[in-house]
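[1] With the input below, show me the fold.
(one chain, ligands or ions: 2)
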Amino acid sequence: MNPKPTSTGIPGAVASELRPVTALKGVGDALAAKLAKLGVETVQDVLFLLPLRYEDRTQIIPIGSLRAGDRVVVEGEVQLAELVFRKRRQLLVRITDGSGFLTLRFFYFTAQQQAQLTRGVRLRCYGEARRGGLGLEIVHPEYRRADGPDAQRTEDSLTPVYPTTEGVQQGRLRILTALALDDAEQQRVRDWLPSELLRDLQLPSLAEALTYVHRPPPGADLMPLAMGTHPAQRRLAFEELLAHQISLRLLRQQIRTEPAWPLAGNGQLTAPFRQALPFSLTKAQERTFAEASTDIASTSPMLRLVQGDVGSGKTVVAALAALIAIEAGYQVAMMAPTELLAEQHWQNFERWFKPLQIPVALLSGKLTGVARQHTLNAIADGAQVPLVIGTHALFQEGVRFKRLALVIIDEQHRFGVQQRLALREKGMQEGRVPHQLIMTATPIPRTLAMTAYADLDVSVIDELPPGRTPVTTVVLPEARRDAVVARIAAACRQGRQAYWVCPLIEESEELDYQAAEATHAALVVALPALSIGLVHGRLTSKKKEAVMAAFKRGELNLLVATTVIEVGVDVPNASLMVIENSERMGLAQLHQLRGRVGRGAAESTCVLLYRGPLSRLAQERLDVMRSTTDGFKVSERDLELRGPGELLGTRQTGLVQMKVAELIRDADMLPRVQEVAEYLITHHPETLRPLLRRWIGAGERYGQV
Ligand code: ADP
Ligand code: MG
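    Ligands and ions are numbered 1, 2, ... in the order given. This is a model prediction of the structure:
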């Protein structure tokens with residue numbers, strides 16, 4: 001590879017890309033201020049302000065062939081223009097091209113416009129046709145007179161539509177990008193990717209790619225452009241992924257240079273703890289714990305992600321790591337994504353740590369007033385509270401630790417990169433950074449994990465504790481509900497417990513909770529011999545906790561729940577789970593839910609109820625659930641099955657929002673992205689800053705070179 005190393009640091013061409021936007025003709029301070037709101041400060045930023053979508057204005061469409069919803073260019077002669085007063089004053093202009101009529105409707109117009117739009121004038125208009133009171137109409141079309149000197153000209157490329165900000169019109173942005181493209185051509189925008197690599201990936205050069213996305217040629221295929229799969233877009237996506245990869249790796253390097261407390265355990269607590277456990281650790285748990293212990297014994301902070309399928313026993317590993325820190329005389333904070341989960345962990349740790357005489361504090365958002373102050377004081381004192389468990393409330397203002405040396409984060413997929421960063425900063429005490437152990441049950445495929453978590457080391461618990469029988473999954477139509485209810489009755493008669501999961505409805509908490517209530521009521525009638533509980537997001541955490549505790553103690557046979565039980569809840573005696581409307585849930589979510597059963601020795605079943613008819617995709621997805629219980633396989637199939645239209649959001653992968661790249665759609669490029677990131681960091685550090693500046697911006701806190 002030959003990315004043209006320079007010995008003089010930033011080459012001239014780059015410096016010119018970083019000229020302020022005011023270097024472009026016609027851009028004054030006022031416009032520059034508005035552009036700054038779009039994050040556009042330099043000429044280069046204009047080039048990398050990428051279109052959101054495209055419109056086809058290369059052809060004039062006969063008015064007679066228009067359908068509602070079409071976004072089109074039409075041309076016609078004004079037949080009639082009238083001012084009408086219907087609720088609001090408005091100007092209606094009827095045009096025709098001989099093939100049909102179209103009404104242009106204006107609510108806002110100047111006297112000058114009104115004077116211009118008179119009978120006989122030819123107009124070219126662009127806009128979205130819709131059905132109105134007078135047939136098809138366009139409200140506030142873009143228009144210009146078509147009887148002037150360049151009447152015959154249409155646009156000769158697809159028209160890009162840019163993200164806009166108040167006061168900067170599309171037309172202006174199109175002019176600016178055209179200027180920046182010309183400018184880039186003259187100045188030769190610097191391509192940081194080695195040309196051999198581009199050939200290898202069959203990707204165009206940066207200049208070609210930018211020209212193409214800003215000005216797709218006539219006849220360009222809209223489909224790949226709309227999907228983001230055109231080589232020009234892939235070229236840009238590659239570079240963007242590269243920039244993110246580099247920023248995470250640099251971030252990691254940077255954090256690793258900060259000092260941490262070295263935590264070497266003496267076994268005083270871990271030994272009796274292990275002895276008291278009713279089981280011995282699996283090989284995978286031992287290995288993960290060994291990796292974590294080695295990390296925390298070092299003076300540079302641990303940044304370790306533990307990936308382990310639901311039920312693989314991550315909590316015990318976390319407990320052992322916590323004990324090492326406590327043996328060494330430090331504090332540990334454990335953060336869970338929900339109150340429910342924090343409470344469950346707290347109960348677990350209380351039970352485990354009581355015999356060792358280690359107090360465990362729960363700091364939830366609900367803890368207020370004197371009680372909260374009391375807990376806060378105890379945490380600040382350190383000696384009183386070696387382990388604190390809570391939600392993100394743990395890292396809010398006002399929480400001060402005495403000697404925080406280890407932070408454990410459970411179910412990391414709920415936290416994004418930004419939160420990880422914030423945590424690192426807040427955790428910093430007396431110039432020391434706490435070690436971090438992050439646990440996730442989201443088994444994302446390896447390449448994705450390496451990208452989303454490029455700043456972390458990864459341990460995988462790839463083994464379930466022995467004695468577990470894999471969960472059998474059955475897929476049934478709604479019509480078989482009665483049979484399922486009978487099955488619950490039978491299981492509960494044998495002393496087993498069951499979950500009934502109601503789906504999230506249209507993202508509405510209100511409906512969600514109503515559906516759960518209705519299902520609960522129906523099941524109470526259908527199963528009079530059972531005691532049936534209900535948990536949903538509306539309950540106070542106290543109430544939720546009480547219901548969960550009753551279920552755990554076996555006082556409830558059946559628990560009706562919304563997806564709030566998705567993460568982490570542990571009741572080994574529960575061996576049957578029914579999931580309603582399973583066709584509407586994501587595979588990852590179904591897998592998480594299913595992980596609530598199969599935790600004990602009893603044979604467990606998960607019934608996926610669906611409402612037909614199923615699409616082929618939905619059918620295949622449910623088939624995946626039926627055919628495997630391996631979380632990694634589930635996630636790999638999930639990736640294969642998802643079309644580009646159904647992408648996993650960046651939220652879930654923990655990556656910050658990107659401009660052109662989509663982690664899943666562009667997953668095939670990730671191995672090369674990693675290779676190239678490594679290569680550039682090692683051999684061409686001079687390329688890093690310009691790449692980050694281009695894609696991530698100067699204002700970001702992370703990825704500083
Ligand atoms: P997860 O990885 O999903 O967080 P947990 O830590 O909640 O899993 O563990 C699931 C269950 O397995 C718990 O009841 C825990 O006590 C039990 N467990 C953990 N490790 C072992 C082991 N090595 N042998 C037997 N049971 C185990
Ligand atoms: Mg867990």
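[2] Buried residues, stretch 192-212. List them.
    Buried residues in stretch 192-212, defined by neighbour count with 16 or more other C-beta atoms under 10 Å: 192-194, 197-198, 201, 203-204, 206-207, 209-212. Every C-beta, even on glycine, is put in place using the N, C-alpha and C of the backbone.
[3] If you could redo that for stretch 347-355, that was the one I meant.
    By neighbour count on 16+ other C-beta under 10 Å, the buried set for stretch 347-355 is 347-350, 352-353.
[4] next one: stretch 93-111
    Applying 16+ other C-beta under 10 Å to stretch 93-111 flags 93-95, 97, 100-106, 109 as buried.
[5] Mind checking which of the buried residues of stretch 192-212 land in strands?
    Judged by DSSP state E, the subset of the buried residues of stretch 192-212 located in strands is empty.
[6] Looking at those residues, which one is closest to Met625?
    Within the buried residues of stretch 192-212, proximity to Met625 (C-beta to C-beta) peaks at Leu201, which comes in at 35.1 Å.
[7] hey, where'd the strands end up in the stretch 151-300 of the chain?
    Applying DSSP state E, counting those that start in this stretch to the stretch 151-300 of the chain gives strands spanning 159-161.
[8] Could you check which residue of the stretch 451-600 of the chain lies nearest ligand 1?
    Of all residues in the stretch 451-600 of the chain, the one sitting closest to ligand 1 is Pro465 (3.2 Å; C-beta to the nearest ligand atom).
[9] Please report the distance of that residue from Arg599.
    Distance, Pro465 to Arg599, using C-beta to C-beta, to the nearest Å: 9 Å.
[10] who has more neighbours, the two?
    Neighbours were counted for Pro465 and for Arg599 using other C-beta atoms under 10 Å; Arg599 has more, 21 against 17.
[11] Excluding chain neighbours, give the residue nearest to that one in space.
    Pro572 (4.4 Å; C-beta to C-beta, 6 or more residues apart in numbering).
[12] can you give me the strands for the stretch 451-600 of the chain?
    Assigned by DSSP E, counting those that start in this stretch, the strands in the stretch 451-600 of the chain fall at 457-461, 472-477, 497-501, 532-535, 558-561, 574-579.
[13] can you list those in JSON lines and add distance to ligand 1?
    Converted to JSON lines, those look like this (distance: least, C-beta to the nearest ligand atom, whole Å):
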{"stretch": "strand 457-461", "distance to ligand 1": "7"}
{"stretch": "strand 472-477", "distance to ligand 1": "18"}
{"stretch": "strand 497-501", "distance to ligand 1": "14"}
{"stretch": "strand 532-535", "distance to ligand 1": "18"}
{"stretch": "strand 558-561", "distance to ligand 1": "17"}
{"stretch": "strand 574-579", "distance to ligand 1": "11"}
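[14] and the next element down the chain from the worst-scoring helix or strand of the chain on mean pLDDT?
    In the chain, no helix or strand scores lower on mean pLDDT, DSSP states H and E than helix 650-653, which sits at a mean of 38. Sequence-wise, the next helix or strand downstream of helix 650-653 (DSSP states H and E) is helix 670-683.
[15] which residues sit against that next one?
    Helix 670-683 has contacts (C-beta atoms under 8 Å, 6 or more residues apart in numbering) with 1, 3, 5, 192-194, 197, 201, 238, 241-242, 245-246, 249-250, 447-448, 450-451, 454, 663, 687-688, 691.
[16] Pull out the buried residues from that helix.
    670, 673-674, 676-677, 680-681.
[17] in the longest helix seen in the chain, what counts as buried?
    For the chain, the longest helix by residue count, based on DSSP state H, is helix 231-256. By neighbour count with 16+ other C-beta under 10 Å, helix 231-256 contains the buried residues 232-252, 255.
[18] Quick check: mean pLDDT of it?
    Helix 231-256 carries an average pLDDT of 89.
[19] So which other helices or strands are in contact with the longest strand along the chain?
    If you go by DSSP E, the chain has its longest strand at strand 71-86. Here strand 71-86 touches strand 88-96, strand 101-106, strand 122-128, going by 3 or more C-beta pairs under 8 Å, 6 or more residues apart in numbering; DSSP states H and E.
[20] looking at these, which is closest to Ala489?
    Ala489 sits nearest to strand 122-128 of all the helices and strands packed on strand 71-86, at 56.5 Å, using C-beta to C-beta.
[21] Could you list the buried residues of the helix or strand following the closest one?
    Downstream of strand 122-128, the next assigned helix or strand under DSSP H and E is strand 130-132. Using 16+ other C-beta under 10 Å as the burial criterion, none of the residues of strand 130-132 qualify.
[22] Paired strands for strand 130-132, with orientation please.
    strand 135-139 (antiparallel) (DSSP bridges).
[23] Enumerate the positions of the partner strand that are buried.
    Going by neighbour count (16+ other C-beta under 10 Å), the buried part of strand 135-139 is 136-138.
[24] Check stretch 364-383 too.
    Residues of stretch 364-383 classed as buried: 364, 367, 372, 375-376, 378-379, 382 (neighbour count, 16+ other C-beta under 10 Å).
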